[in-house]
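[1] I would like the atomic coordinates for the input below:
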Amino acid sequence: MEQIEKIDLNFLESAIKWLNDNKAGCYFKRVAETEGGTGLYIVIGWGDGYEKAEPNTPNADGTYRICGKIAYQHSDNIMQCDYDWDWYMPYNKETGDVDDTDGMVEARQFDVDWLNKNAERVWNEWKDKLDSLS
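    Down below sits the predicted model:
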């Protein structure tokens, strides 16, 4: 797969609704896959560390906030339920630096465009290295 698949506003709206209804888990879409079977995903889920995240909005509860990121999982990984622990952002093994794409999202076109743009960038920069990270 040379080109990534893109998400649309409907995907993001569905993800946010599902997360608000379930209050746990994550919502994801595989947008590319390496020849070795490592999938690149757009992942939407509850990210922690947002103690000042507007607790009166439907996308935050004071501690957790709905976030999105570009992450990978090897094809044999069956754990896909925890946003922070089951999905990995690409990293440099030598320096430990992470290609951090994690950020708060809302159901708006700006965030769809931001996620798609980051997915394309991450794919172009990491597609030849993702299999070695798994």
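
[2] what ranges does the protein have for its helices?
    Secondary structure of the chain by DSSP state H: the helices cover 9-22, 109-126, 130-133.

[3] which secondary structure elements does the longest one sit against?
    If you count contacts as 3 or more C-beta pairs under 8 Å, 6 or more residues apart in numbering; DSSP states H and E, helix 109-126 packs onto helix 9-22, strand 26-33, strand 39-47, strand 65-73. (Each C-beta comes from the backbone N, C-alpha and C, glycine too.)

[4] if we go to 6 Å?
    helix 9-22, strand 39-47, strand 65-73 (3 or more C-beta pairs under 6 Å, 6 or more residues apart in numbering; DSSP states H and E).

[5] buried deepest among those, which one?
    Per-stretch averages of neighbours, counted by mean count of other C-beta atoms under 10 Å, single out strand 65-73 among the helices and strands packed on helix 109-126, with a mean of 26.

[6] hmm, who's touching that strand?
    By C-beta atoms under 6 Å, 6 or more residues apart in numbering, the residues outside strand 65-73 that reach it are 16, 19, 38-41, 43-44, 47, 50, 53, 59, 87-89, 101-102, 104-105, 115, 118-119, 122, 130.

[7] before we move on, back to that, nearest approach to F110 belongs to which of the helices and strands packed on helix 109-126?
    helix 9-22 (10.1 Å; C-beta to C-beta).

[8] show me what the closest one is packed up against.
    Using 3+ C-beta pairs under 6 Å, 6+ apart: helix 9-22 touches helix 109-126.

[9] buried ones in the helix it packs on?
    D111, V112, L115, N116, N118, A119, E120, V122, W123, W126 (16 or more other C-beta atoms under 10 Å).
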